[in-house]
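return a 3D structure for these sequence lines:
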Amino acid sequence: MVSANTRRNLNAHKYDLYRTHPIATRSALKAGVFAEDDVIYDPCNGLGGITDALKMAGMICHTSDKFDYDIDDTIVDFFDIEKIPKNVSAIVFNPPYKMTEEFIDNALRFCSRVIMFNRVSFLETVNRAERIQSDWSLTDIYFHSFRVGCAKGFDDDYKNAVFYAWYIFDKRKYKGVTKCHWITKR
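Take a look at the predicted model:
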(Lines give C-alpha, C1' and ligand atoms only; values in the text may rest on other atoms or scores of the structure.)
Protein backbone atom coordinates (compact mmCIF):
# COMPACT_ATOMS: atom_id res chain seq x y z
CA MET A 1 0.00 0.00 0.00
CA VAL A 2 1.15 3.47 -0.70
CA SER A 3 1.24 5.68 2.35
CA ALA A 4 1.22 9.47 2.44
CA ASN A 5 5.01 9.42 2.67
CA THR A 6 5.60 6.88 -0.09
CA ARG A 7 7.41 8.13 -3.17
CA ARG A 8 6.29 6.41 -6.32
CA ASN A 9 8.60 6.19 -9.27
CA LEU A 10 6.38 7.04 -12.24
CA ASN A 11 8.89 5.42 -14.58
CA ALA A 12 9.10 2.28 -12.47
CA HIS A 13 8.87 -1.22 -13.84
CA LYS A 14 5.39 -2.37 -14.84
CA TYR A 15 5.07 -4.40 -11.66
CA ASP A 16 4.92 -1.20 -9.63
CA LEU A 17 1.26 -2.11 -9.38
CA TYR A 18 -1.33 -1.42 -6.67
CA ARG A 19 -4.49 -3.53 -6.84
CA THR A 20 -7.88 -2.46 -5.54
CA HIS A 21 -9.40 -4.91 -3.07
CA PRO A 22 -12.61 -6.42 -4.52
CA ILE A 23 -14.53 -5.42 -1.37
CA ALA A 24 -14.14 -1.76 -2.38
CA THR A 25 -15.98 -2.27 -5.66
CA ARG A 26 -18.58 -4.71 -4.33
CA SER A 27 -19.53 -2.34 -1.50
CA ALA A 28 -19.61 0.61 -3.94
CA LEU A 29 -22.03 -1.33 -6.13
CA LYS A 30 -24.31 -1.87 -3.12
CA ALA A 31 -24.10 1.83 -2.24
CA GLY A 32 -25.16 2.97 -5.70
CA VAL A 33 -21.87 4.38 -6.97
CA PHE A 34 -22.44 2.69 -10.34
CA ALA A 35 -25.58 2.85 -12.47
CA GLU A 36 -26.89 -0.54 -13.57
CA ASP A 37 -26.69 0.46 -17.22
CA ASP A 38 -23.19 1.96 -17.04
CA VAL A 39 -20.83 0.81 -19.77
CA ILE A 40 -17.40 1.15 -18.20
CA TYR A 41 -13.93 1.88 -19.52
CA ASP A 42 -10.97 1.40 -17.14
CA PRO A 43 -7.77 2.77 -18.72
CA CYS A 44 -5.47 1.56 -15.91
CA ASN A 45 -7.01 -1.84 -15.29
CA GLY A 46 -3.92 -3.53 -13.84
CA LEU A 47 -5.06 -7.02 -12.83
CA GLY A 48 -8.75 -6.14 -12.97
CA GLY A 49 -9.45 -5.44 -9.30
CA ILE A 50 -12.28 -3.02 -10.10
CA THR A 51 -13.59 -4.36 -13.39
CA ASP A 52 -13.69 -8.02 -12.32
CA ALA A 53 -16.20 -7.11 -9.60
CA LEU A 54 -18.20 -4.98 -12.04
CA LYS A 55 -18.29 -7.79 -14.62
CA MET A 56 -19.44 -10.24 -11.93
CA ALA A 57 -22.34 -7.83 -11.30
CA GLY A 58 -23.25 -8.06 -14.99
CA MET A 59 -21.79 -4.76 -16.17
CA ILE A 60 -20.08 -4.27 -19.52
CA CYS A 61 -16.44 -3.24 -19.09
CA HIS A 62 -13.79 -2.25 -21.61
CA THR A 63 -10.26 -2.30 -20.23
CA SER A 64 -6.75 -1.26 -21.10
CA ASP A 65 -3.46 -0.64 -19.39
CA LYS A 66 -0.09 0.77 -20.28
CA PHE A 67 1.51 -2.55 -19.38
CA ASP A 68 0.77 -6.14 -20.34
CA TYR A 69 -0.30 -8.03 -17.21
CA ASP A 70 -1.34 -11.04 -19.27
CA ILE A 71 -5.10 -10.61 -18.76
CA ASP A 72 -6.17 -9.79 -22.35
CA ASP A 73 -6.34 -6.01 -21.92
CA THR A 74 -5.70 -3.64 -24.77
CA ILE A 75 -2.16 -2.36 -24.20
CA VAL A 76 -2.19 1.40 -24.59
CA ASP A 77 -1.04 4.45 -22.68
CA PHE A 78 -4.17 6.39 -21.65
CA PHE A 79 -2.37 9.63 -22.48
CA ASP A 80 -1.69 8.53 -26.06
CA ILE A 81 -5.20 7.50 -27.06
CA GLU A 82 -7.28 9.46 -29.54
CA LYS A 83 -10.65 7.99 -28.51
CA ILE A 84 -12.19 5.58 -26.03
CA PRO A 85 -14.33 2.52 -26.86
CA LYS A 86 -17.77 3.31 -28.29
CA ASN A 87 -20.87 3.55 -26.09
CA VAL A 88 -18.90 4.08 -22.86
CA SER A 89 -20.98 5.95 -20.29
CA ALA A 90 -18.34 6.17 -17.53
CA ILE A 91 -14.57 6.00 -17.19
CA VAL A 92 -13.61 4.23 -13.96
CA PHE A 93 -10.13 3.95 -12.47
CA ASN A 94 -7.80 3.80 -9.50
CA PRO A 95 -4.99 5.93 -10.94
CA PRO A 96 -1.37 6.07 -9.86
CA TYR A 97 -1.68 8.55 -6.97
CA LYS A 98 0.93 11.01 -8.23
CA MET A 99 -0.85 11.14 -11.61
CA THR A 100 -4.38 11.60 -10.28
CA GLU A 101 -4.88 15.09 -11.71
CA GLU A 102 -3.65 14.08 -15.15
CA PHE A 103 -5.95 11.05 -15.19
CA ILE A 104 -8.98 13.15 -14.22
CA ASP A 105 -8.19 15.80 -16.85
CA ASN A 106 -7.72 13.22 -19.60
CA ALA A 107 -10.80 11.20 -18.61
CA LEU A 108 -13.02 14.30 -18.65
CA ARG A 109 -11.82 15.02 -22.20
CA PHE A 110 -13.43 11.78 -23.35
CA CYS A 111 -16.42 11.24 -21.09
CA SER A 112 -18.79 13.41 -19.05
CA ARG A 113 -18.94 10.86 -16.18
CA VAL A 114 -15.77 9.73 -14.41
CA ILE A 115 -15.66 7.50 -11.33
CA MET A 116 -12.39 7.36 -9.42
CA PHE A 117 -11.29 5.24 -6.47
CA ASN A 118 -8.64 7.11 -4.49
CA ARG A 119 -7.43 7.94 -1.02
CA VAL A 120 -9.31 10.61 0.91
CA SER A 121 -6.00 12.47 1.18
CA PHE A 122 -6.60 13.30 -2.51
CA LEU A 123 -8.70 16.21 -1.18
CA GLU A 124 -5.86 17.77 0.84
CA THR A 125 -4.15 20.10 -1.63
CA VAL A 126 -5.06 23.69 -2.47
CA ASN A 127 -4.66 23.06 -6.20
CA ARG A 128 -7.05 20.11 -6.14
CA ALA A 129 -9.56 22.02 -4.00
CA GLU A 130 -9.55 24.82 -6.56
CA ARG A 131 -9.91 22.38 -9.47
CA ILE A 132 -12.80 20.58 -7.73
CA GLN A 133 -14.59 23.91 -7.25
CA SER A 134 -13.94 25.15 -10.77
CA ASP A 135 -13.49 22.70 -13.61
CA TRP A 136 -13.76 19.11 -12.35
CA SER A 137 -17.52 18.84 -11.70
CA LEU A 138 -17.26 16.63 -8.57
CA THR A 139 -20.89 15.67 -7.88
CA ASP A 140 -20.51 12.93 -5.26
CA ILE A 141 -18.02 11.42 -2.85
CA TYR A 142 -18.71 7.98 -1.36
CA PHE A 143 -16.52 7.53 1.72
CA HIS A 144 -15.78 4.01 2.95
CA SER A 145 -16.62 3.80 6.64
CA PHE A 146 -14.03 1.03 6.87
CA ARG A 147 -10.45 1.01 5.70
CA VAL A 148 -9.72 -0.61 2.36
CA GLY A 149 -6.43 -2.16 1.30
CA CYS A 150 -4.68 -2.16 -2.04
CA ALA A 151 -2.17 -4.93 -2.60
CA LYS A 152 1.21 -4.14 -4.13
CA GLY A 153 2.13 -6.19 -7.18
CA PHE A 154 0.83 -9.71 -7.56
CA ASP A 155 0.61 -10.53 -3.84
CA ASP A 156 -2.76 -10.82 -2.14
CA ASP A 157 -1.62 -8.82 0.89
CA TYR A 158 -4.34 -6.22 1.49
CA LYS A 159 -3.63 -5.72 5.19
CA ASN A 160 -2.13 -2.22 4.94
CA ALA A 161 -5.43 -0.35 4.56
CA VAL A 162 -6.23 3.38 4.52
CA PHE A 163 -9.23 5.72 4.20
CA TYR A 164 -10.57 5.51 0.62
CA ALA A 165 -13.49 6.99 -1.26
CA TRP A 166 -15.14 6.87 -4.67
CA TYR A 167 -15.29 10.22 -6.45
CA ILE A 168 -17.90 10.86 -9.14
CA PHE A 169 -17.28 13.66 -11.61
CA ASP A 170 -20.30 14.28 -13.82
CA LYS A 171 -20.36 17.29 -16.12
CA ARG A 172 -24.04 16.66 -16.97
CA LYS A 173 -25.29 16.73 -13.36
CA TYR A 174 -22.96 19.16 -11.59
CA LYS A 175 -24.78 22.08 -9.95
CA GLY A 176 -21.88 23.52 -7.92
CA VAL A 177 -22.44 21.27 -4.90
CA THR A 178 -20.71 18.01 -3.98
CA LYS A 179 -22.80 15.48 -2.04
CA CYS A 180 -21.14 13.23 0.52
CA HIS A 181 -22.25 9.66 1.17
CA TRP A 182 -21.00 6.81 3.35
CA ILE A 183 -20.41 3.21 2.33
CA THR A 184 -21.15 1.28 5.51
CA LYS A 185 -21.67 -2.28 4.29
CA ARG A 186 -19.01 -4.59 3.04
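
and the helix or strand containing Arg26, average pLDDT?
Using DSSP states H and E, Arg26 falls within helix 22-31. Taken as a whole, helix 22-31 has a mean pLDDT of 92.

ditto for stretch 108-124
Rounded mean pLDDT across stretch 108-124 is 94.

and it, end to end?
Here the two ends of stretch 108-124 are set 21 Å apart, with distance taken as C-alpha to C-alpha, to the nearest Å.

list the buried ones in that stretch?
By neighbour count with 16 or more other C-beta atoms under 10 Å, stretch 108-124 contains the buried residues Leu108, Phe110, Cys111, Ser112, Arg113, Val114, Ile115, Met116, Phe117, Asn118, Arg119, Phe122. The C-beta positions use only the backbone N, C-alpha and C, and glycine is treated the same way.

narrow these to those in strands?
Arg113, Val114, Ile115, Met116, Phe117, Asn118, Arg119 (DSSP state E).

immediately after the least confident helix or strand in the chain by mean pLDDT, which helix or strand?
Of all helical and strand segments in the chain, the minimum by mean pLDDT, DSSP states H and E falls on strand 148-152, at a mean of 68. Once strand 148-152 ends, the next helix or strand along the chain (criterion: DSSP H and E) is strand 161-162.

Ala129: neighbour count?
Applying other C-beta atoms under 10 Å, we find 11 residues neighbouring Ala129.

ok, and the closest non-adjacent residue to Tyr69?
Leu47 (5.5 Å; C-beta to C-beta, 6 or more residues apart in numbering).

the inter-axis angle of the helix holding Arg26 versus strand 113-119?
130 degrees (axes from the mean of the first three to the mean of the last three C-alpha atoms, to 10 degrees).

Arg26 - how many residues pack around it?
16.

might one say that it is in contact with Lys55?
No: taking contacts as C-beta atoms under 8 Å, Arg26 lies outside contact range of Lys55: 12.0 Å.

hey, what's Ser64 bridged with?
With DSSP bridges as the criterion, Ser64 is bridged to Thr74.
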